[in-house]
Every structure is written in structure tokens, then in C-alpha cells.
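Colleague: need coordinates for the below:
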Amino acid sequence: MNMNRVQRLFTAMVVIFGLFALGDAAVAAPKAKHHNHHDGKQMLGEKLKTNGRHEIHKKGNYTTSVEVKDGKVAGVHVKHATKGEIPVTKYKTHKKMAQAGGHIVYASLLSVQYQDMGTVYIGYSYVDDYGEVEIYWFPYDMIVDGDTGAVEYVPES
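Modeller: Numbering: from 1, shown residues only. As a prediction, this is how the structure comes out:
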């Protein structure tokens, strides 16, 4: 009976140690500080009529460019001055996350006449060196292949 008690104590200690190890890993994971939403359609403007890669935004060492093919967005690329290409995450949502001028108004807060719940927006994002998330939003109909690789966007709370 004494051996069972030692075995249970050892098992409990291993479980507790494992929980602490997992808890520390979750705390150590970097979290994004803030999401900055940009109206990609407005930033691209008339460049949408010309095929090729067009620079739309520069923030510190990061340069964001949009690849246009036949009047549609074929991809968004972010390049760091020293690190090279940065991974970009593709999101989709039914809420208009960016307004011209940078002011965000969730569709649910607008009066009924201004809501357009049928429109899907596609966002391309990256995280900079300071943990800031930069997201460039485009209407779905501007994207060559909108659904491929896009995950549902959950706004920060």
C-alpha cells in the first residue's frame, strides 16, 4: 500500500510539473499588441488597372506591395529591409474593417441603410517587430482567388 501512495504522488507531481510547463509556454508566446486596419482598395487606387507589383504602404523596415493581374489583386507581399519576405496571413470577414481615412466602424454599429452584410472582405496581414498587426482589406470581388487560404477574422477585443 505504501508503494501505491508513492506511485500516485509521483504521477501527481509529473502532472503538476507538466501543467506549469504548458502555462509558462503560453505566457511566453508573443501576442499582437494592436490591429491596424487599412483600406487596401483606396491605397491601391488606379494602380489596379496596371498589371504587376505595386507598392502601397511603407512602415519602418516593412514595404507592402500588391500584385495585380487583369484588374484584380493576385496577392499581397511584405518585404522587410533586412529579413526579406515576411509571411502574410489571409483573412475573410463580412464586417467592413477599414474605412477611407483609417476610421473603423463595425457594420453592426451603422444604421440599417448603410449596412452591407452580403459583402465579404479579404484582408492580408503581417506582424511587425513591435507586435503590431497591419491588415490591408479588399472587397472580395477585387481578389483573384478570395477563399483560398483565408481564415475567418476575429476582431481583437
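Colleague: tell me if Asp129 really is in a helix.
Modeller: No - using DSSP: H, G, I helix; E, B strand; the rest coil, the secondary structure at Asp129 is coil, not a helix.
Colleague: now do the contacts for it.
Modeller: Asp129 makes contact with 60-61, according to Cβ atoms under 8 Å, 6 or more residues apart in numbering. Heads up, the C-betas are built off the backbone N, CA and C, glycines and all.
Colleague: equivalent analysis for Lys90, please.
Modeller: Counting by Cβ under 8 Å, 6+ apart, Lys90 touches 122-124, 149-151.
Colleague: what's the answer for Glu85, then?
Modeller: Glu85 sits next to 77-79 when contact means Cβ under 8 Å, 6+ apart.
Colleague: swap in Gly75?
Modeller: Residues near Gly75 by Cβ under 8 Å, 6+ apart: 66-67, 124, 144.
Colleague: which ones among the residues you listed map onto helices?
Modeller: Among the contacts of Gly75, none falls in helices (DSSP state H).
Colleague: ok, the contacts of Glu85 vs Lys95, which is closest?
Modeller: Closest approach between the contacts of Glu85 and Lys95, by Cβ to Cβ: Val78, at 23.0 Å.
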